[in-house]
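S.K.: Below: sequence and its predicted model.
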2 protein chains.
Amino acid sequence: MTVRSPSLDRVDTAAAPALGIRQVSEETGLSIDTLRWYEREGLLPLVERSTDGRRRYPPGALRFIRLVQALRRTGMPVADVRQFIELGGGELAHHPERMALLEQQCAQIEQRLVELQDDLAVVRAKIETYRGLIARGLDCEDDLPDDVLDRVRADELLTGTLPVLTSPQR
Amino acid sequence: MTVRSPSLDRVDTAAAPALGIRQVSEETGLSIDTLRWYEREGLLPLVERSTDGRRRYPPGALRFIRLVQALRRTGMPVADVRQFIELGGGELAHHPERMALLEQQCAQIEQRLVELQDDLAVVRAKIETYRGLIARGLDCEDDLPDDVLDRVRADELLTGTLPVLTSPQR
DNA sequence: CTAGGAGCTGGAGTGCACTCCAGCGCAACC
DNA sequence: GGTTGCGCTGGAGTGCACTCCAGCTCCTAG
């Protein structure tokens, strides 16, 4: 749409679009209600108003929303996002503090990533178990003793052979 | 505590521990209340009772709880976990259906992993932005035009030099 | 035999993050 | 100049996943 000549070095801010709430909602996937609610909650400081009182979102606001979304999606509570934002409204003095908060969040995300991968492994293992049970026509393994269960998994995964298992009791 | 001789091949189920609710809570990190609530909600079908009515968790129940935890942590709602469990109570005929559900969940987890990594990148980028701003003593970039902002990031990351930027207006 | 502690039940309460709604204003179109 | 559409506000409502609680039972130790 708006093609900006690369020769422009001194940029006029007015050239930037400044979207309405509906567009922002579509762009970000946040509902209109959520956008309004975030603003009331102090999560979106850069939103402006047009003459008739409607919200306008300049590009900086949109960028900020993306950050807020990243923080929210990665598990930071709304209250903590607000706290991050309230740190001195963008003054240089608070940058290190803000950075520290973000780095803390990074650590949490990394932890979450590991956990997710572990959980994925658990679910995949269960799928393999079902595959093994189906292959040899067993019902459910949940009440089989550990060692038999282990063999169901190990055999299937390692050897590919299907030894006949006698289900112990029941 | 309970040492099991490795010579035992035919395992008697009685030899397995069967924990009390407190131990399970400590093992899994789920609160006692949550364990009881999950059971009421039908998420824990393998829990037994001792003569005096207290819950006993045989090893199979504990394994099952781990699966439920994996599903819950990866975003499956309680209602969906129940649905998964209610599929014919462990009969062979429903294994393919259960597998399909788990495979669907796997796909969701993978998607979530990608999203998390993206969000991590967003937060890391913001940290880099702060680093750049601090290095050249600027306040907040949120109302700078796009291209200046881009330069703040790109300069810092690619060249390591710090060109003097004139903050346009404000 | 009594006191303390753990566990049980059904039901009420909580916290979070939205989501919905009534009633209003502005602006454009017919 | 009405009506249609979009947006605004403050406040109430919702859904989910727990979490707490009162009042009970059972077992064990003293």
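M.R.: Here it is on my side, so go on.

S.K.: In chain A, where is pLDDT below threshold?
M.R.: A:1-16, A:89-90, A:139-170 (pLDDT under 70).

S.K.: quick one: the strands in it?
M.R.: A:48-49, A:55-56 (DSSP state E).

S.K.: Report whether the longest helix along chain A contacts DNA strand C.
M.R.: The single longest helix within chain A, with elements called by DSSP state H, is helix A:95-135. No: applying CB under 7 Å from any atom of the strand, one finds helix A:95-135 separated from DNA strand C by no less than 13.4 Å. In short, each C-beta sits where N, CA and C put it, glycine included.

S.K.: Next, the angle helix B:95-135 makes with that helix.
M.R.: Here helix A:95-135 runs at 170 degrees with respect to helix B:95-135, directions being taken by axes from the mean of the first three to the mean of the last three CA atoms, to 10 degrees.

S.K.: now helix A:95-135, how far from the chain's geometric center?
M.R.: 12 Å (CA atoms, centre = their mean, to the nearest Å).

S.K.: Any residue of that helix touching chain B?
M.R.: Yes: using CB under 8 Å from any CB of the partner chain, helix A:95-135 reaches chain B at A:95-96, A:98-99, A:102-103, A:105-106, A:109-110, A:112-113, A:115-120, A:122-124, A:126-127, A:130-131, A:133-134.

S.K.: near DNA strand D, which of the residues you listed show up?
M.R.: Of these, not one also sits near DNA strand D (CB under 7 Å from any atom of the strand).

S.K.: Throw together a PyMOL command that grabs the buried residues out of the residues you listed.
M.R.: Selection of buried members from these for PyMOL, criterion 16 or more other CB atoms under 10 Å in any protein chain shown:
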select buried, chain A and resi 95+98+99+102+105+106+109+112+113+116+119+120+122+123+124+126+127+130+131+133
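
S.K.: before we move on, the earlier item: could you list every helix and strand in contact with the longest helix of chain A?
M.R.: Where contact means 3 or more CB pairs under 8 Å, 6 or more residues apart in numbering or on different chains; DSSP states H and E, helix A:95-135 is packed against helix A:78-85, helix A:146-154, helix B:59-73, helix B:95-135.

S.K.: Quick check: residues of chain A near DNA strand C?
M.R.: Looking at DNA strand C, the residues of chain A close enough under CB under 7 Å from any atom of the strand are A:31, A:33-34, A:37, A:51-53, A:72, A:77-79.

S.K.: Looking at those residues, which two lie furthest apart in space?
M.R.: A:51 and A:77 (35.6 Å; CB to CB).

S.K.: quick one, which of the two is more surrounded?
M.R.: residue A:77 (10 against 5; other CB atoms under 10 Å in any protein chain shown).

S.K.: Now that one: phi and psi?
M.R.: The phi/psi pair for residue A:77 (degrees, to the nearest 10) reads phi -70, psi 150.
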